[in-house]
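1. missing the sequence, but the structure's below:
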């Protein structure tokens, strides 16, 4: 059974057309104002790596870490970025990394012309503040075409429709997301490319890793949060209009959004944002309401989320202290495991040593 079919059954056999129609009734009633600029979220990362062994640069890891905390990531020169691009053959990921590191939109434009079928490139154009609404829409459509199973395209399309006051189009995007199980923003490619850029510029491996992880912006999280907020507002609007056939599936789509965010990336920020969204919609349901195909109730799922939140708080607090005692080998393995298994799992590995 597809996720869309489950939503329809859970919504008492609601007709998809009726739900979309409920959204379209709001197209003229609501005039959505442009969204206020929001700061891009950054991926959480390792907190210590306070190592005493000298690095190739002659500095200890403690000195590198302290310098990084004081001054942030070193600024790469245009020449260093150009050398990095040449070493990578000016491929799609390196051009996107160069655009982010330099702030030069010409690198993004070059990538869009050279690699129109690359999903990372189309996603970057769709999220670019310098792109026009028409260009962002075209990039989103291209992104969905080359990454058809990625629900991120559906959510971003719905977000853009919300900002334009086109609620019927937003509903279509949200419905499409139900049949797409993955949600990926290609952050790992960006981080790996950024690390390589710093290494090619002669930075020591630890500085390169820290610069890649702490410099990783997450421009997708703000629009995903906004989609959640819009869904919550629409749910209230439907309830006021006593359109309960539209209100209930709106909540279920919000739950699905929160769950997908939790599964998309290894970082705790994704877990916490997704958990917050899912919890906000679960709390609006009767505790005995079934919310999953396995018969799980809203109350049971809320209890799971609360336990997970406690686990994250306990683990991060313990890791903050344990990270100060990691040796070089443990620190490097932690980074590998964080990228592969997730931040929380990597922290638990360190604590279990």
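-> Noted; the coordinates are in hand. Please read all numbers here as calculations on a predicted model, not as lab measurements.

2. low-confidence ranges in the stretch 151-300 of the chain?
-> For the stretch 151-300 of the chain, residues meeting the criterion pLDDT under 70 lie at 265, 293.

3. please, where are all the strands along it?
-> In the stretch 151-300 of the chain, the segments counted as strands under DSSP state E, counting those that start in this stretch are 217-218.

4. care to break this structure down by domain?
-> The chain is divided into the following domains under automatic domain parsing: 3-23+43-51+59-296, 297-353.

5. what's the span of the last one, first residue to last?
-> This means domain 297-353. 37 Å (Cα to Cα, to the nearest Å).

6. centre of the chain to it, how far?
-> Relative to its parent chain, domain 297-353 has a centroid offset of 19 Å by Cα atoms, centre = their mean, to the nearest Å.

7. can you check the longest one too?
-> Chain-centre distance of domain 3-23+43-51+59-296: 4 Å, with Cα atoms, centre = their mean.

8. the stretch 151-300 of the chain: helices as residue ranges?
-> Using DSSP state H, counting those that start in this stretch, the helices assigned to the stretch 151-300 of the chain run over residues 151-163, 167-177, 187-200, 205-214, 221-240, 244-264, 268-282, 298-322.

9. mind listing what's buried along the third one?
-> Buried residues in helix 187-200, defined by neighbour count with 16 or more other Cβ atoms under 10 Å: 187, 189, 190, 191, 193, 194, 195, 196, 197, 198, 199, 200. Yep, even glycine has a C-beta here, placed from its N, CA and C like the rest.

10. same question for the second one.
-> Buried residues in helix 167-177, counted by 16+ other Cβ under 10 Å: 167, 169, 170, 171, 172, 173, 174, 175, 176, 177.

11. got the angle for it vs helix 244-264?
-> 50 degrees (axes from the mean of the first three to the mean of the last three Cα atoms, to 10 degrees).

12. could you list every helix and strand that helix 167-177 packs against?
-> With contacts taken as 3 or more Cβ pairs under 8 Å, 6 or more residues apart in numbering; DSSP states H and E, helix 167-177 sits against helix 16-24, helix 151-163, helix 221-240, helix 244-264.

13. go again using 10 Å as the cut-off
-> If you count contacts as 3 or more Cβ pairs under 10 Å, 6 or more residues apart in numbering; DSSP states H and E, helix 167-177 packs onto helix 3-10, helix 16-24, helix 133-146, helix 151-163, helix 221-240, helix 244-264.

14. deepest of the helices of the stretch 151-300 of the chain, which one?
-> Highest mean neighbour count among the helices of the stretch 151-300 of the chain (mean count of other Cβ atoms under 10 Å): helix 151-163, with a mean of 25.
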